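In: this is the structure alone, sequence omitted:
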Ligand code: SAH
């Protein structure tokens with residue numbers, strides 16, 4: 001590596017950029033495991049090599065060790081122990097979060113005994129025969145479904161790809177979160193089927209909402225937020241633009257014996273129409289349209305507009321809960337954008353609380369990119 005650039009690797013940052021590589025020795029094939037050396041030629045770590053990637057080296061370990069099935073089994077066991085301690089009262093969680101769990105390029109979500117994996121790096125693709133047996137041995141799953149259908153893989157020279165890696169992955173995986181039942185569409189749904197990363201926010205909502213309060217779950221998807229609130233005794237309405245999502249959310253209400261309304265509409269149009277009912281809670285969880293920096297302005301605009309349209313529909317003293325699930329849209333910007341909407345509405349707005357993704361989606365301080373989900377719990381004055 002270039003002199004001075006090795007320090008960040010020693011300090012656990014896992015990505016090496018092209019300009020940070022002083023020279024490549026030997027002729028490693030794309031996807032190979034390589035030894036990373038510092039500017040003095042000393043061992044720095046072992047990583048995955050892909051000259052085509054924006055990050056030609058992704059570090060797997062700072063130890064000089066063998067990257068074999070035992071290595072992956074150990075990583076999986078560590079990850080599992082953290083989830084067993086911190087992802088309680090659910091049988092669905094993120095088991096492995098790529099760099100934040102020291103396995104760059106691999107994401108594994110657990111839906112009870114069915115696993116969904118996403119491979120984001122060429123080297124991790126090549127190592128499938130090494131990590132897959134370790135995963136089967138550590139987790140003893142009924143099925144493993146590979147859902148590497150992200151466009152981002154093209155940057156790594158990998159086409160989007162889906163495949164059953166083991167067993168017979170179901171279309172919908174039944175899960176129980178906080179005692180509520182859901183059918184997670186693991187094969188075709190958003191993300192890997194369920195918004196596992198919103199679990200603690202749903203619990204916080206359930207802990208704070210009062211019986212009889214009105215809750216608008218905008219962008220409701222599977223209706224998960226809405227159903228937590230319904231179980232707490234609130235009158236809920238979930239809105240989503242995709243008819244299938246609305247149907248699934250309504251089916252979830254039925255499965256759990258809960259009363260909840262779901263409607264199919266475009267959030268921007270729905271909020272712009274005059275409304276009779278005012279809400280005690282409006283939840284805004286728009287999709288991650290800012291995966292890249294250049295899209296940041298469009299997410300900012302969307303958040304401003306949604307907050308601007310929501311404020312008149314919110315009761316005085318009501319809560320506006322705004323999530324942004326993109327690293328490119330940081331917390332200060334989320335707060336500032338919602339503040340601008342409140343100022344444009346000449347409305348007092350408090351920020352009561354801020355929450356982040358739960359520990360099964362670990363946010364590694366030394367890898368800032370891993371902190372992606374933030375939620376502001378605002379209150380209208
Ligand atoms: N809060 C959800 C996840 C939301 S995902 C949960 O915890 O499970 C984002 C959802 O927004 C998707 O279901 C998508 O169909 C919906 N969506 C996208 N654009 C929309 C729009 N303009 N209006 C309403 N819903 C929209």
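Out: Here it is on my side, so go on. Please read all numbers here as calculations on a predicted model, not as lab measurements.
In: would you double-check that residue 48 falls in a strand?
Out: Yes. According to DSSP: H, G, I helix; E, B strand; the rest coil, the state of residue 48 is that of a strand.
In: what's near enough to touch it?
Out: Neighbour list for residue 48: 31-34, 57-58, 60, 104-105, 121-124, 127 [criterion: C-beta atoms under 8 Å, 6 or more residues apart in numbering]. (C-beta placed from N, C-alpha, C; glycine too.)
In: buried subset of the residues you listed, written for PyMOL?
Out: For selection in PyMOL, the members of the contacts of residue 48 meeting the burial criterion (16 or more other C-beta atoms under 10 Å) are listed in this command:
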select buried, resi 31+33+34+57+58+60+104+105+121+122+123+124+127
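In: which of the contacts of residue 48 lies closest to residue 359?
Out: residue 104 (19.1 Å; C-beta to C-beta).
In: what's stretch 243-255 in contact with?
Out: 180-183, 185, 220-224, 226-227, 230, 238, 240, 259-260, 262-264.
In: mind checking which of the residues you listed land in strands?
Out: Secondary structure assignment by DSSP state E places 180-183, 238, 240, 262-264 of those in strands.
In: tell me the strands beside the helix or strand containing residue 353, with direction?
Out: In this structure, residue 353 is located in strand 349-356 according to DSSP states H and E. Looking at strand 349-356 with DSSP bridges, its partner strands are strand 373-380 (antiparallel).
In: against residue 240, how distant is the residue nearest to the spatial centre of the chain?
Out: Centroid-nearest residue in the chain, with C-alpha atoms, centre = their mean: residue 197, separated by 5.4 Å. Distance, residue 197 to residue 240, by C-beta to C-beta, to the nearest Å: 18 Å.
In: same check on residue 299?
Out: Residue 299 sits 18 Å away from residue 240 when distances are taken as C-beta to C-beta.
In: how about residue 315?
Out: Using C-beta to C-beta, one obtains 23 Å as the distance from residue 315 to residue 240.
In: have a look at those two and say which one is more surrounded.
Out: Shown here are residue 315 and residue 240; by other C-beta atoms under 10 Å, residue 240 has more neighbours (24 against 15).
In: mind checking how far residue 263 is from residue 226?
Out: For residue 263, the distance to residue 226 (C-beta to C-beta) stands at 11 Å.
In: what residues are shared contacts of these two?
Out: With contacts defined as C-beta under 8 Å, 6+ apart, the residues shared by residue 263 and residue 226 are 237-238.
In: show me the contacts for residue 305.
Out: Residue 305 makes contact with 268, 341, according to C-beta under 8 Å, 6+ apart.
In: just checking, what packs against the biggest strand by length in the chain?
Out: The strand of greatest length in the chain, counted in residues with DSSP E as the criterion, is given as strand 314-325. The elements that strand 314-325 packs onto, with contact taken as 3 or more C-beta pairs under 8 Å, 6 or more residues apart in numbering; DSSP states H and E, are helix 199-208, strand 279-284, helix 296-310, helix 331-344, strand 373-380.
In: got the residues of the stretch 151-300 of the chain near the ligand?
Out: Along the stretch 151-300 of the chain, the residues adjacent to the ligand under the rule C-beta under 6 Å from any ligand atom are 190, 195, 198, 219, 221-222, 224-225, 239-242, 245, 266-268, 285, 287.
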